[in-house]
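Peer 1: mind looking at a prediction? Sequence and model below.
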Amino acid sequence: MNPVLKLILEGERLTTAQIGEVLNLSRQEVEAEYEKLKTEGVLLGWRPILNPDFIAGKEVHAVIEVKISPEREGGFDRLAQRISQFDHVESCYLMSGGYDLLVFMRADSLHHVASYVFERLSTLPGVLSTATHFMLRAYKEQGYLLGEETLTDKPSMSF
Amino acid sequence: MSRFVAKHVAGLPRSGIRDFFAIVAQMKDAISLGIGEPDFVTPWGIREATIFALEQGKTSYTDNRGLNALREEIADYVAELFDVSYDPEDEILVTVGVSEALDTALRAIINPGDKVMYHEPCYVSYSPSITLAHGIAVPIITKAEDAFAMTAEALAEAWEPGCKALLLNFPTNPTGGTVARETLQKIAAFAQEKDMIVISDEIYSELTYEGEHVSIASLPGMRERTLFLHGFSKAFAMTGFRIGYACGPKDLIDAMMRIHQYGILCAPIMSQEAALEALRHGQDDMLFMKERYQQRRDCIVERFNKMGLKCHKPKGAFYAFPSIADTGMGEVDFAKALLEQEKVAVVPGTAFGSGGKGFIRASFATSYDNILKATERMERFLETRCQGVSA
Ligand SMILES: Cc1ncc(COP(=O)(O)O)c(C=O)c1O
């Protein structure tokens, strides 16, 4: 794997200069690696990972299972892409199993999600059914464990 | 000290920097590069196996030697990694860390007044452990100009009549030093010539970043006179499990076993189960951590050199050992002032023996964030404290 990519995937927030220092690259070389990752479409973008507890009350997260009927040409793609267009849709995957698409959605209220599902999603030609699940509590967010910090008794110095 | 305390115990030095440790513990935003253990918690798979063992009601004593399955797994692991085979039946003893293995090994071989050689700077327990076993500690002082490498010449020079054992630790805490096969062969030849037994503490062996790790036990004629000590604390991030082992020829392991069975009975069963899991499925996690240490090593060493603290690149373990001699400060004053002024904790080199004079130990088993912040603070410290130093 590309060393720059590998390092940023570890999740430590390092500046370009620091990454360069760690990997023994110049700043320009690191920038060039980023550019390359972007143009190759490997790196889609940057976003902070927020603690869901922090945004609780301001946002609701929903997961929607969607059954759709494949079309004669293009299968699931056209409809899936259409569903993905909505801004509130965070992620959308074609799944194996009991339904076809799994849609992750973020909105500022339950009402908002409901109106999206009723008015936009289920009315799309080709959508057969939906099942909406609301997230109640997060225990792990994109690799970060949540919940009470366990106090460590590790001594701050040892031999 | 109370008149009831035994003389050889009363005489043990009480480390002066314990007080220093207390200060660090109190400081809220201190960054500690003074920790002698991994910053990783034990990999989840190993923790999970321990929980499962408890659920299954594995809470009893085990065979004094340790679980059969564990000894078998250790035999395979040691044979593959260190190229020396031991019979799980009577040549392997599972212990409460390398700490117990070392203590038991020393007690098993030392008659009062026997001399034990070891290379310094070294892990703080060696000299006291020898004293507690009624032996006499004979240090071999390794030098900064040789990057603290132990040479056969230094060994021969330090040798004196009455030396019965030689205690080795490669990769070395605190210097990260390793030893080349040729040097090890010379050391082995010397041990044979003087009929010494070798105790080899190889606890950092998996964390060897450059070159091969060679165990002295695997060299011709050495298996019969070597006690090979190893454990799980460092490479598998299992310090709190307190689990390790000793391998050696049957009669020596039998001697250790007598002490172990009366003094300890057996290592905790849940830790033995955890160790079994580490050997069976812990390799990937171990290699993941090793890679992290290596990257962090390169980063911290470069930063030290840039700020004017001469630092060799340690080939193993997870400690950098830079010289602070050019600052004009002593290592204890340096560490104290650095802590007070910039809240960065390092261990003065003399904690590991007089050979560490003019050096500090900084652990790189910590996050990049800590390393970068700590070294930035150290750089500022150097700028304000000693204008004389420059890269
Ligand atoms: C060289 C050396 N040997 C032994 C130990 C103790 O290991 P254990 O946790 O297996 O008792 C340490 C711990 O710092 C060490 O550095």
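Peer 2: Here it is on my side, so go on. Everything numeric here is computed off the predicted structure, so don't read it as measured data.
Peer 1: CA only for contacts and neighbour counts going forward, please
Peer 2: Fine.
Peer 1: any low-confidence regions in the chain?
Peer 2: Using chain A. Where chain A drops to pLDDT under 70, the residues are A:150-151.
Peer 1: should've been chain B
Peer 2: Using pLDDT under 70, chain B drops low at B:16, B:387-391.
Peer 1: next to the ligand, which bits of it? Give me the list.
Peer 2: For chain B, the residues in contact with the ligand (Cα under 6 Å from any ligand atom) are B:36, B:97-99, B:123, B:173, B:203, B:231, B:233, B:239, B:242-244.
Peer 1: among these, which are within reach of chain A?
Peer 2: B:G36, B:Y123 (Cα under 8 Å from any Cα of the partner chain).
Peer 1: how about the longest helix along chain A, does it reach chain B?
Peer 2: Ordering each helix of chain A by length in residues (DSSP state H) puts helix A:27-39 first. No - shown here: helix A:27-39 not in contact with chain B (Cα under 8 Å from any Cα), separated by at least 15.4 Å.
Peer 1: break down the chain into its helices, ranges please.
Peer 2: Unless you meant another one, I'm taking chain A. For chain A, the helices defined by DSSP H occupy A:3-9, A:16-23, A:27-39, A:52-55, A:77-84, A:110-115.
Peer 1: hm, I was asking about chain B
Peer 2: Secondary structure of chain B by DSSP H: the helices cover B:7-10, B:17-26, B:44-55, B:68-82, B:97-109, B:126-132, B:152-158, B:181-193, B:250-263, B:269-281, B:283-306, B:331-342, B:368-385.
Peer 1: got CSV for the ones you listed, with mean neighbour count too?
Peer 2: As requested, the helices of chain B are arranged in CSV below (neighbours: other Cα atoms under 10 Å in any protein chain shown):
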stretch, mean neighbour count
helix B:7-10, 12
helix B:17-26, 15
helix B:44-55, 17
helix B:68-82, 18
helix B:97-109, 22
helix B:126-132, 21
helix B:152-158, 16
helix B:181-193, 17
helix B:250-263, 17
helix B:269-281, 22
helix B:283-306, 19
helix B:331-342, 20
helix B:368-385, 17
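Peer 1: which residues of chain A lie near the ligand?
Peer 2: Neighbours of the ligand within chain A, by Cα under 6 Å from any ligand atom: A:F159.
Peer 1: tell me the domain ranges of the chain?
Peer 2: Chain wasn't specified; assuming chain A. Following automatic domain parsing, one finds the domains of chain A at A:3-39, A:58-136.
Peer 1: the chain in question should be chain B.
Peer 2: B:2-42+B:284-385, B:44-282.
Peer 1: just the terminal-to-terminal distance for the longest one.
Peer 2: Across domain B:44-282, the terminal residues are separated by 10 Å (Cα to Cα, to the nearest Å).
Peer 1: starting at the chain centroid, how far to that domain?
Peer 2: Taking Cα atoms, centre = their mean, to the nearest Å, one finds domain B:44-282 lying 10 Å from the centre of the chain it belongs to.
Peer 1: cool, and stretch B:307-317?
Peer 2: Here the centre of stretch B:307-317 is set off from its chain's centre by 18 Å, with Cα atoms, centre = their mean.
Peer 1: touching chain A at all, that stretch?
Peer 2: No - using Cα under 8 Å from any Cα, we find that stretch B:307-317 stays clear of chain A, coming within 12.6 Å at best.
Peer 1: could you export the helices of chain A to a markdown table, including columns for distance to B:A147?
Peer 2: Output for those, formatted as a markdown table (distance: least, Cα to Cα, whole Å):
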| stretch | distance to B:A147 |
| --- | --- |
| helix A:3-9 | 30 |
| helix A:16-23 | 24 |
| helix A:27-39 | 32 |
| helix A:52-55 | 50 |
| helix A:77-84 | 60 |
| helix A:110-115 | 65 |
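Peer 1: quickly compare those and say which is most buried.
Peer 2: Neighbour counts (mean count of other Cα atoms under 10 Å in any protein chain shown) averaged over each of these peak at helix A:16-23, with a mean of 18.
Peer 1: what angle sits between it and helix A:27-39?
Peer 2: Using axes from the mean of the first three to the mean of the last three Cα atoms, to 10 degrees, the inter-axis angle of helix A:16-23 relative to helix A:27-39 is 100 degrees.
Peer 1: can you list contacts of helix A:16-23?
Peer 2: With contacts defined as Cα atoms under 8 Å, 6 or more residues apart in numbering or on different chains, helix A:16-23 is touched by A:3-4, A:7, A:25-27, A:29-31, B:295-296, B:298-299.
Peer 1: rewinding a little: nearest to A:L146, out of the helices of chain B?
Peer 2: Distance to A:L146, taken as Cα to Cα, is lowest for helix B:44-55 among the helices of chain B, at 15.7 Å.
Peer 1: packing partners of the closest one?
Peer 2: Here helix B:44-55 touches helix B:269-281, going by 3 or more Cα pairs under 8 Å, 6 or more residues apart in numbering or on different chains; DSSP states H and E.
Peer 1: not counting the helix it packs on itself, show me its contacts.
Peer 2: Applying Cα under 8 Å, 6+ apart, the set of residues contacting helix B:269-281 from outside is B:45-47, B:49-50, B:53-54, B:58-62, B:66-67, B:69-70, B:73-74, B:77, B:232, B:236, B:241-243.
Peer 1: same thing but 6 Å
Peer 2: B:I46, B:T50, B:L70, B:F241 (Cα atoms under 6 Å, 6 or more residues apart in numbering or on different chains).
Peer 1: between the residues you listed, which is closest to chain A?
Peer 2: Nearest to chain A out of these is B:F241 (Cα to the nearest Cα; 13.0 Å).
Peer 1: in space, what's closest to that closest one - neighbours in sequence excluded?
Peer 2: B:S271 (5.4 Å; Cα to Cα, 6 or more residues apart in numbering or on different chains).
Peer 1: do you know how far that neighbour is from B:T59?
Peer 2: Distance from B:S271 to B:T59, by Cα to Cα: 10 Å.
Peer 1: OK, contacts around the closest residue to B:A154 other than its chain neighbours?
Peer 2: Leaving aside its sequence neighbours, B:A154 sits nearest to B:I140 (Cα to Cα, 6+ apart; 6.7 Å). With contact set as Cα under 6 Å, 6+ apart, B:I140 has these partners: B:Y118, B:H119, B:E120, B:A158.
Peer 1: run through the bridge partners of the second one.
Peer 2: Just to be clear, that refers to B:H119. Applying DSSP bridges to B:H119 gives these bridge partners: B:I140.
Peer 1: tell me which of the residues of chain B next to the ligand fall in strands.
Peer 2: Applying DSSP state E to the residues of chain B next to the ligand, the entries found in strands are B:G231, B:G244.
Peer 1: hmm, back to that, TSV please, covering the domains of chain B and showing distance to A:E148.
Peer 2: As requested, these are arranged in TSV below (distance: least, Cα to Cα, whole Å):
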stretch	distance to A:E148
domain B:2-42+B:284-385	16
domain B:44-282	18
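Peer 1: closest to A:H111 out of the ones you listed?
Peer 2: domain B:44-282 (39.8 Å).
Peer 1: quick one, phi/psi of B:P38?
Peer 2: phi -60, psi 150 (degrees, to the nearest 10).
Peer 1: what does chain A put close to chain B?
Peer 2: A:V22, A:S156, A:M157, A:S158, A:F159 (Cα under 6 Å from any Cα of the partner chain).
Peer 1: contacting residues for residue 90?
Peer 2: Just going to use chain A. Residues in contact with A:E90 (Cα under 6 Å, 6+ apart) are A:F104, A:M105.
Peer 1: not quite, I wanted chain B
Peer 2: Contacts of B:D90 by Cα under 6 Å, 6+ apart are B:K250.
Peer 1: same deal with A:Y139?
Peer 2: Contacts of A:Y139 by Cα under 6 Å, 6+ apart are A:L146.
Peer 1: how much space separates it from chain B?
Peer 2: Remark: distance between A:Y139 and chain B (Cα to the nearest Cα, to the nearest Å) = 16 Å.
Peer 1: and the gap between that residue and A:E148?
Peer 2: A:Y139 is 10 Å from A:E148, where distance means Cα to Cα.
Peer 1: before we move on, what about A:S69?
Peer 2: Distance from A:S69 to A:E148, counting by Cα to Cα: 44 Å.
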